[in-house]
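# how does the following fold in three dimensions:
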Amino acid sequence: VKYNQARREKLEYLVCLVPRRTIICERVLEEEGVYSDVTLADYHLGLIAVEDDVLSMELPDALRQSTLGNDASSLVDTARSLLRLEQLVGRIPEIKAKG
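Predicted coordinates for the structure are as follows:
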């Protein structure tokens, strides 16, 4: 962004944050002086089909974040993904988790 600004090139920037924007990301963009020059978008990746009957969120640090870090954001992402899946396929009578 700064490089193109120095060259007086007028470009539009879209920054997609997965699964959502965080205060830390916004703060870094502010510190770099480009926050007002970019458009931020949340991209909720959700569930990824690993096998025909296996879906994954690919959140390797979810357990550590929720137990040791008192950060429930991965649980919110999981609940959001399950609700979206139920909107698509109907009520899920039994949900099993591993990991």
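# run a quick neighbour tally on the residue lying closest to V1 once chain neighbours are set aside.
Counting by Cβ to Cβ, 6 or more residues apart in numbering, V34 is the residue found nearest to V1 once chain neighbours are left out, at 4.4 Å. Yep, even glycine has a C-beta here, placed from its N, CA and C like the rest. Other residues near V34 come to 15 when the count uses other Cβ atoms under 10 Å.
# likewise for M57?
18.
# tell me if I'm right that it and T78 touch.
Yes: between M57 and T78 there is a contact at 6.0 Å, judged by Cβ atoms under 8 Å.
# mind listing what's buried in the lengthiest helix in the chain?
Assignment by DSSP state H gives helix 73-89 as the longest helix of the chain. Neighbour-count burial for helix 73-89 flags S74, D77, T78, S81, L82 (criterion: 16 or more other Cβ atoms under 10 Å).
# which stretches in this protein count as helices?
Remark: helices assigned in the chain by DSSP H are 2-6, 23-31, 62-67, 73-89.
# export those as CSV, with columns for distance to Y43.
What follows is the helices of the chain, written out as CSV (distance: least, Cβ to Cβ, whole Å):
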stretch, distance to Y43
helix 2-6, 23
helix 23-31, 13
helix 62-67, 18
helix 73-89, 12
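# right, and C25 touches C16 too?
No: under the criterion of Cβ under 8 Å, C25 makes no contact with C16, lying 11.0 Å away.
# for the longest helix of the chain, name the packing helices and strands.
For helix 73-89, the packing partners by 3 or more Cβ pairs under 8 Å, 6 or more residues apart in numbering; DSSP states H and E come out as helix 62-67.
# nothing else from me, thank you.
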